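next one to model:
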Amino acid sequence: MLKHLLSTAVTVAGVCTLLLPQSAQAQFKTTYEEIVAAAKREPAVQWCTGLSQKESRPLVAAFKKAYPDVPQVNDFECSGQDATQRVLSEWKARAPQVDILDADDEVLQTLDDQNLTHVQDWSVFKGSPVEIDPRYIFYKGRIVTVGQAHRVIWFNPKVLKAEDAPKSIEDCANPKYKDIIAADVRPAIFEFLQDAGGPWSDERLKKWAAGVKANNPLWVRGAANAFQVISSGERGLICGQQLHGIFRGNVDPASPSAPVQYIIPNPSIARDYDRLAIAPKPLAPNATILFAAFLASNKGQTAIAEINPGYASVYIDGSYTQKAYQRFGAEILRTSQEVIAKVAEKQNKIILGEWGFPSPAK
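Predicted coordinates:
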């Protein structure tokens, strides 16, 4: 299916590319007005996204509503290492068939080290409807982000009362949660490390991991698996899961009857979610940077929150997550994508080494 989608996208892009003069294919404009005007004359942006179509299509529609004269973005779902490596190989050869790639944490440093992407001066959008908050820009303009992944605590109120659930990630290692807790075999609490500006030393992280293991967790992988385990009551608690995963289960966690509810731990991780990388020579250069700017701007941040409130940025006034952090009195833990890329392997070695699992391959 993935090969078919990529082939379709490539065919469409290829035909359009043949219709354009070579100079038009790689010419980035330098003002908002020029970018919009040029984007209207370019082929459709090819977006290789890790989002499901249920999530990506409303974002494409929101962009189309804002810029009706720009060709509609062709979004196709492609995730996993094989898809990513195929796109990166094309970019390295400077023969792109994808304009925008949703990049995993593990490849961000490679993109920078090997200079595999376009580096944009996003200040050209300053004062425009799609101005980007600098907090969503990384690697000196190489990466912009939309949405946030909030690492929270899920619990089943029939198994564990809210007042008895942990109020911090550290408390999840408390022995009283033995045989109640589940744990994801790919933990992601990088921001807690002192190397990432967090409060924990390596020894403290190792002690926490040992405590979680001693609680005899049921091992799970991913939000869907975690939701099934917690909602069924097979286990009553999981720590460090993503807030948006609850909403994906079509659950209103505020409902007293919700099978899975959440606590914003103190402190709590607010990590940038969808990381957008741009081809070194996009097929539709101006439409590509315009679409990326739209997604990373407050317009895009608001649009993704409307799809799933769990993606909402804590930096948008009045957003669902901003109100939730305030309600729980939680401090925000956040670090740059550059730092996460550098500490991820270390975190994995410490936690997974203590748990007896291999670190994920790069």
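
now do the helix or strand hosting Lys213: which elements does it pack against?
Using DSSP states H and E, Lys213 sits in helix 202-214. Judged by 3 or more CB pairs under 8 Å, 6 or more residues apart in numbering; DSSP states H and E, helix 202-214 is in contact with helix 337-355. Placement of C-beta: from N, CA and C, glycine included.

distance between the helix it packs on and the chain's centre?
What separates the centre of helix 337-355 from the centre of its chain is 17 Å, taken as CA atoms, centre = their mean, to the nearest Å.

and the angle from that helix to helix 202-214?
Orientation of helix 337-355 against helix 202-214 (axes from the mean of the first three to the mean of the last three CA atoms, to 10 degrees) gives an angle of 50 degrees.

give me the helices and strands touching helix 337-355, please.
Using 3+ CB pairs under 8 Å, 6+ apart, the elements in contact with helix 337-355 are helix 105-113, helix 202-214, strand 268-278.

among the ones you listed, which comes closest to Lys29?
strand 268-278 (14.6 Å; CB to CB).

if we can go back for a sec, now do the buried residues in the helix or strand following the helix holding Lys213.
Counting by DSSP H and E, the element after helix 202-214 in chain order, helix or strand, is strand 218-220. For strand 218-220, burial by neighbour count (16 or more other CB atoms under 10 Å) applies to Leu218, Val220.

what separates the helix or strand that comes right after strand 218-220 from the chain centre, distance-wise?
Next in sequence after strand 218-220, counting helices and strands by DSSP H and E, comes helix 223-232. Here the centre of helix 223-232 is set off from its chain's centre by 20 Å, with CA atoms, centre = their mean.

what residues does helix 223-232 touch?
Contacts to helix 223-232, defined as CB atoms under 8 Å, 6 or more residues apart in numbering, come from residues 154-156, 182, 184, 218, 220, 234-238, 241-242, 244-246, 248-249, 251, 259-260.

which of these fall within helices?
His244, Gly245, Ile246, Arg248 (DSSP state H).

near the residue nearest to the second one when sequence neighbours are not counted, how many other residues are there?
Leaving aside its sequence neighbours, Gly245 sits nearest to Ala223 (CB to CB, 6 or more residues apart in numbering; 3.2 Å). Residues near Ala223, counting by other CB atoms under 10 Å, number 21.

swap in Ala324?
Quick note: Ala324 (other CB under 10 Å) scores 23 neighbours.

mind checking how far the residue nearest to Gly245 is from Ala149?
10 Å (CB to CB, to the nearest Å).

same check on Ala312?
11 Å.

who has more neighbours, those two?
Taking neighbours as other CB under 10 Å, Ala312 and Ala149 compare with Ala312 leading, 26 against 20.

give me the common contacts of Ala223 and Ala149.
Gln242, His244.

pLDDT value on the residue nearest to Gly245, please?
pLDDT for Ala223: 93.

what's the answer for Leu20, then?
40.

which residues are contacting stretch 321-340?
Under CB under 8 Å, 6+ apart, the answer for stretch 321-340 is 105, 108-109, 112, 138-139, 143, 145, 148, 150, 190-192, 195-198, 243, 263-272, 275, 305, 309-310, 312-316.

go again with 7 Å.
If you take CB atoms under 7 Å, 6 or more residues apart in numbering as the criterion, stretch 321-340 is touched by 105, 108, 138-139, 143, 148, 150, 190-192, 196-198, 263-272, 275, 312-314, 316.

quick check, distance from the helix holding Lys213 to the centre of its chain.
26 Å.

buried residues in it?
Neighbour-count burial for helix 202-214 [16+ other CB under 10 Å]: Leu205, Lys206, Trp208, Ala209, Gly211, Val212, Lys213.

ok, Ile269 - contacts?
Contacts of Ile269 by CB under 7 Å, 6+ apart are His150, Arg151, Ile189, Glu191, Leu333.

and which of these is nearest Leu352?
Ile189 (12.3 Å).

how many neighbours does the closest one have?
21.

for the nearest residue to it once chain neighbours are set aside, what are its contacts?
Nearest residue to Ile189, sequence neighbours excluded (CB to CB, 6+ apart): Gly240, at 5.3 Å. Listed by CB under 7 Å, 6+ apart, the contact partners of Gly240 are Arg151, Ile169, Asp184, Pro187, Ala188, Ile189.

quick check, the first one in a strand?
When you say that, I think you mean Arg151. Yes. Looking at Arg151 with DSSP: H, G, I helix; E, B strand; the rest coil, it is inside a strand.

would you map out the domains in the protein?
Partitioning the chain according to automatic domain parsing yields domains covering residues 2-147+273-311, 149-271+328-355.

the spatially closest residue to Leu218 that is not a sequence neighbour: how many residues sit nearby?
Using CB to CB, 6+ apart and skipping the chain neighbours, the partner closest in space to Leu218 is Ala182 (4.4 Å). Per other CB under 10 Å, the neighbour tally for Ala182 reads 21.
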